[in-house]
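Chemist: Need a 3D model of the sequence below.
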Amino acid sequence: MKKIIISLLLCLLVFACTEKKTEPSPLIERFKTEKTFSNVIQELDFAITEKNFRITGRNTVGKGLRERGFENYPEIEVIHFCSLDIAREVLDIDPGFIAQMPCRVTIHEQDNAVIISLILLPTNHKDPRVNEFSRKMNKTLREIVDYVLEENAVAL
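Modeler: Here you go, the predicted structure:
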């Protein structure tokens, strides 16, 4: 069962990363940088921990696909991170909103550049306290990504 779930998640990620002409989600902000993939990963790791988050998981999708025989597949990584203090804060307001956690950022190679995709929290909850929490978290998430981006980075 675990292998089926992992395979399904990999398929969804591959599907999500293929280039299509669709409207971008308002909850995903993308940035293009000329930095190397490994430098972006290192800088994100640093920025995440500097904001008192703990990295709770990684999905090295590109590496996994290459190991399965998909040669020359680009690097793709998903970083999951969380803070128990922040989780407690939202749990005290609406325990169901924890489904939005942990926070995630994705990094992938495309056209000789590195793309960082930041997944934001929705701000359209019926409880205004949850929306305020999301706005505060989205500001912090953007600060994490801003640490990595250089002056000539491009928002996509």
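Chemist: show me the contacts for Lys35.
Modeler: Glu43, Val114, Val148, Glu150 (Cβ atoms under 8 Å, 6 or more residues apart in numbering). C-beta coordinates here come from the backbone N, C-alpha and C atoms, glycine included.
Chemist: list the contacts for the last one?
Modeler: Under the criterion of Cβ under 8 Å, 6+ apart, the neighbours of Glu150 are Thr33, Glu34, Lys35.
Chemist: picking that back up, which members of the contacts of Lys35 are positioned in helices?
Modeler: In this view, these that belong to helices under DSSP state H are Glu43, Val148.
Chemist: Using a markdown table, lay out the contacts of Lys35 together with distance to Ile28 and pLDDT.
Modeler: Shown next, in a markdown table, are the contacts of Lys35 (distance: Cβ to Cβ, whole Å; pLDDT from 0 to 100):
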| residue | distance to Ile28 | pLDDT |
| --- | --- | --- |
| Glu43 | 20 | 96 |
| Val114 | 16 | 96 |
| Val148 | 16 | 94 |
| Glu150 | 21 | 75 |
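Chemist: Tell me the buried residues within the contacts of Lys35.
Modeler: Glu43, Val114, Val148 (16 or more other Cβ atoms under 10 Å).
Chemist: Go through those residues and name the one nearest Leu65.
Modeler: Val114 (17.3 Å; Cβ to Cβ).
Chemist: List the buried residues of the strand or helix carrying Glu143.
Modeler: Assigned by DSSP states H and E, Glu143 belongs to helix 128-148. The neighbour-count check on helix 128-148 (16+ other Cβ under 10 Å) flags Val130, Phe133, Ser134, Met137, Asn138, Leu141, Ile144, Val145, Val148 as buried.
Chemist: ok, the residue nearest to the fourth one when sequence neighbours are not counted - contacts?
Modeler: Pointing back at Met137 there. Spatially, and ignoring its direct neighbours in sequence, Met137 is nearest to Leu121 (5.2 Å; Cβ to Cβ, 6 or more residues apart in numbering). Residues near Leu121 by Cβ under 8 Å, 6+ apart: Leu27, Gln100, Phe133, Ser134, Met137, Asn138, Leu141.
Chemist: Quick check: the gap between the first one and Tyr73.
Modeler: Translated: Leu27. Shown here: Leu27 relative to Tyr73, a distance of 26 Å by Cβ to Cβ, to the nearest Å.
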